[in-house]
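Asks: here are the coordinates; sequence isn't available:
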């Protein structure tokens with residue numbers, strides 16, 4: 001989940017900043033009141049994450065929108081709030097299109113099962129690299145090789161063996177709230193460096209609808225909020241995952257991070 005926090009914060013920072021070169025491109029819970037467990041970690045809360053993750057992994061095709069709000073802390077401690085949006089379209093096992101927008105900039109990641117492309121419409125450049133594997137493996141490769149974080153990256157790790165090994169300092173059921181029109185079960189977790197909360201839709205479609213991340217390794221405790229809207233089973237045209245460079249767009253080299261060079 002710590003990567004989820006970093007992915008949200010990186011997206012917000014990138015989208016709020018002026019245009020520049022990226023690292024890749026040339027560089028069912030109970031409805032009762034919450035009761036804290038004696039040992040700080042409620043196994044039912046942890047199990048709900050696994051239940052949600054299993055449901056997410058079962059979705060063959062989906063579109064998800066997210067509205068992101070984050071905070072930037074100035075040297076004097078004053079916080080500035082900024083926002084961004086992202087849309088992910090996924091056709092498992094190996095097709096993805098992610099569009100990230102703010103008032104200042106836009107980024108896209110397109111993957112057709114053979115090639116992954118980072119595209120900056122405003123700057124009119126793109127970088128492409130060959131890749132074969134699942135969307136989940138692509139998320140890992142972008143992070144490790146190029147320092148590129150996909151927003152909502154945990155959507156592709158929840159429900160996998162990797163998520164089974166997460167360690168929590170505390171985990172609790174925090175009651176129920178509405179997110180939009182959906183009644184959701186609210187859970188709160190604490191891990192090294194972050195506190196985070198998640199609202200999961202009640203019923204037989206346990207989709208995450210809201211995520212709040214608070215950094216506890218920063219005295220200013222900046223926070224990010226993500227509201228998710230889902231279209232599971234959405235019909236997506238194959239052309240969605242094809243990248244055709246617009247006229248006047250320049251191809252540049254994709255440079256791996258120095259620590260990953262052979």
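Replies: Yep, it's here. The shown structure was predicted, so the numbers you read here are calculated from the model rather than taken from an experiment. Numbering: from 1, shown residues only.

Asks: For the spatially most central residue of the chain, what are phi and psi?
Replies: Centroid-nearest residue in the chain: residue 152, 1.1 Å away (criterion: Cα atoms, centre = their mean). Residue 152 has phi and psi values of phi 60, psi 40 when expressed as degrees, to the nearest 10.

Asks: ok, it touching residue 224?
Replies: No - using Cβ atoms under 8 Å, residue 152 is not in contact with residue 224, being 11.6 Å away. Where you see a C-beta, it was placed from the backbone N, CA and C, and this is true even at glycine.

Asks: can you pull out the strands in this protein?
Replies: For the chain, applying DSSP state E gives strands covering 61-73, 79-91, 95-101, 106-111, 115-120, 125-130, 170-179, 182-191, 194-201, 208-215, 223-232, 250-251.

Asks: Quick one: closest of these to residue 42.
Replies: Proximity to residue 42 (Cβ to Cβ) singles out strand 170-179 among the strands of the chain, at 5.2 Å.

Asks: same question for stretch 59-67, mean pLDDT?
Replies: Mean pLDDT, stretch 59-67: 96.

Asks: Check stretch 246-262 too.
Replies: Per-residue pLDDT over stretch 246-262 has a mean of 83.

Asks: cool, stretch 90-101 as well?
Replies: Per-residue scores along stretch 90-101 average to 96.

Asks: Can I get the strands of the chain in CSV including mean neighbour count and distance to residue 42?
Replies: Compiled in CSV, these are given as follows (neighbours: other Cβ atoms under 10 Å; distance: least, Cβ to Cβ, whole Å):
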stretch, mean neighbour count, distance to residue 42
strand 61-73, 19, 27
strand 79-91, 18, 30
strand 95-101, 21, 33
strand 106-111, 21, 36
strand 115-120, 21, 39
strand 125-130, 16, 42
strand 170-179, 17, 5
strand 182-191, 20, 9
strand 194-201, 21, 14
strand 208-215, 21, 18
strand 223-232, 18, 23
strand 250-251, 12, 51
